[in-house]
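> I need the structure of the sequence given here:
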Amino acid sequence: MNSDFKKQADEILKIAEEYGIEQSFLFSTTFDKYVTQLGILERIKSELEDDDEKCTKARAYNNTADSSNKTLGALIRLITTMRD
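Sure, this is the predicted structure:
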């Protein structure tokens with residue numbers, strides 16, 4: 001995971017710890033999915049730079065990026081809801 005993704009993940013964990021939800025099953029599984037998606041995005045991005053099948057991989061990248069954005073939205077909703 002590159003340093004930007006690592007910083008984002010660390011910041012999300014820090015916020016979750018502040019609200020005491022980092023051990024929540026819902027949070028931890030959603031966070032795990034988000035980190036996995038970020039790793040996939042990084043790998044696909046790297047492959048896009050080195051491969052001739054850019055159209056197919058670009059589509060996969062965009063789909064994964066969309067999914068990771070939705071997962072991040074779910075994480076934010078979980079943090080906001082569970083902090084109360």
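> which helix or strand contains residue 76?
Using DSSP states H and E, residue 76 sits in helix 54-83.
> residue 57 reaches residue 49, doesn't it?
No. Assessed by Cβ atoms under 8 Å, residue 57 is found out of contact with residue 49, at 9.8 Å. Quick note: C-beta positions are derived from backbone N, CA and C, even for glycine.
> once you drop chain neighbours, what's closest to the most centrally placed residue in the chain?
The centre of the chain sits closest to residue 34, judged by Cα atoms, centre = their mean, with a distance of 2.8 Å. Excluding its sequence neighbours, the residue lying closest to residue 34 (Cβ to Cβ, 6 or more residues apart in numbering) is residue 71, at 4.5 Å.
> and what of residue 72?
Closest to residue 72 by Cβ to Cβ, 6+ apart is residue 34, at 6.0 Å.
> from residue 50, how far out is that neighbour?
From residue 34 over to residue 50 the distance is 25 Å, taken as Cβ to Cβ, to the nearest Å.
> what of residue 42?
From residue 42 over to residue 50 (counting by Cβ to Cβ), the distance is 13 Å.
> and those two? Which one has more around it.
residue 42 (15 against 8; other Cβ atoms under 10 Å).
> just the pLDDT at that one, thanks.
Reported pLDDT at residue 42 in the predicted model: 83.
> so it is in which element?
Per DSSP H and E: helix 25-50 holds residue 42.
> what helices or strands is that helix leaning on?
When contacts are defined as 3 or more Cβ pairs under 8 Å, 6 or more residues apart in numbering; DSSP states H and E, helix 25-50 packs onto helix 3-18, helix 54-83.
> you'd agree the residue nearest to the centre of the chain is up against residue 70?
No. Using Cβ under 8 Å, residue 34 makes no contact with residue 70, being 9.7 Å away.
> one step back: buried set for the helix holding residue 76?
Neighbour-count burial for helix 54-83 flags 57, 60, 61, 64, 65, 68, 71, 72, 74, 75, 78, 79 (criterion: 16 or more other Cβ atoms under 10 Å).
> kind regards, and thank you for your time.
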